[in-house]
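Colleague: Build me a structure from this.
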Amino acid sequence: MNRYKIVPSIAFLAVVALGLSARLVIGKIYGQGDAVDLLVSLTDSGLYIGSATLGGSATILALILTLTSLVRRDDTELSRDIYADVRKVARNATTALFSSILLLLTLTVPTSDFNELPSNWYPMLYNILYGLIVVTLATIGATIARLYLTISCVLAAYRDA
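Modeller: Predicted coordinates:
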């Protein structure tokens, strides 16, 4: 199983690369009008992604608490590696949780209430939001990959026991 430990990092980097590629395809934002239109479309998807990631990460963390209490009651002793894997899943889920909170907080910035903003405000806000969405999705992708590997290790330990 050790040879697969790099899979979560590859998943994270793949999502980041895909996000950067998509950002390059979108191209340069030339004016405030373009940026406002892109912000409106990005806000809707960002709210959905942020809330779904928030709920998913919180659920993963709650299930990890349940898992640790069940394992403590069981007669089978799991290895330190499995506990370390569970800790890594919890760390990734916590990172995804905070990333989604930051994304949702950033989405609360008013974008249409100000009339006299600097011309670079909207493109900068768009890039920040887009980056937060990519990082949030990459983190939850890495969390899911790590969770799969951990479940495989736990099942293998019970199979071998």
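Colleague: pLDDT at residue 30, what is it?
Modeller: For residue 30, the model assigns a pLDDT of 57.
Colleague: Check residue 95 too.
Modeller: For residue 95, the model assigns a pLDDT of 95.
Colleague: Stretch 23-42: end-to-end distance?
Modeller: 12 Å (CA to CA, to the nearest Å).
Colleague: Name the helix or strand for residue 18, please.
Modeller: Using DSSP states H and E, residue 18 maps to helix 7-26.
Colleague: Downstream of that helix, the next helix or strand is which one?
Modeller: With elements assigned by DSSP H and E, the helix or strand that comes after helix 7-26 is helix 32-73.
Colleague: related to what we said a few turns ago, in terms of secondary structure, what does the helix holding residue 18 contact?
Modeller: If you count contacts as 3 or more CB pairs under 8 Å, 6 or more residues apart in numbering; DSSP states H and E, helix 7-26 packs onto helix 121-160. All C-beta atoms are positioned from the backbone trio N, CA, C, and that covers glycine.
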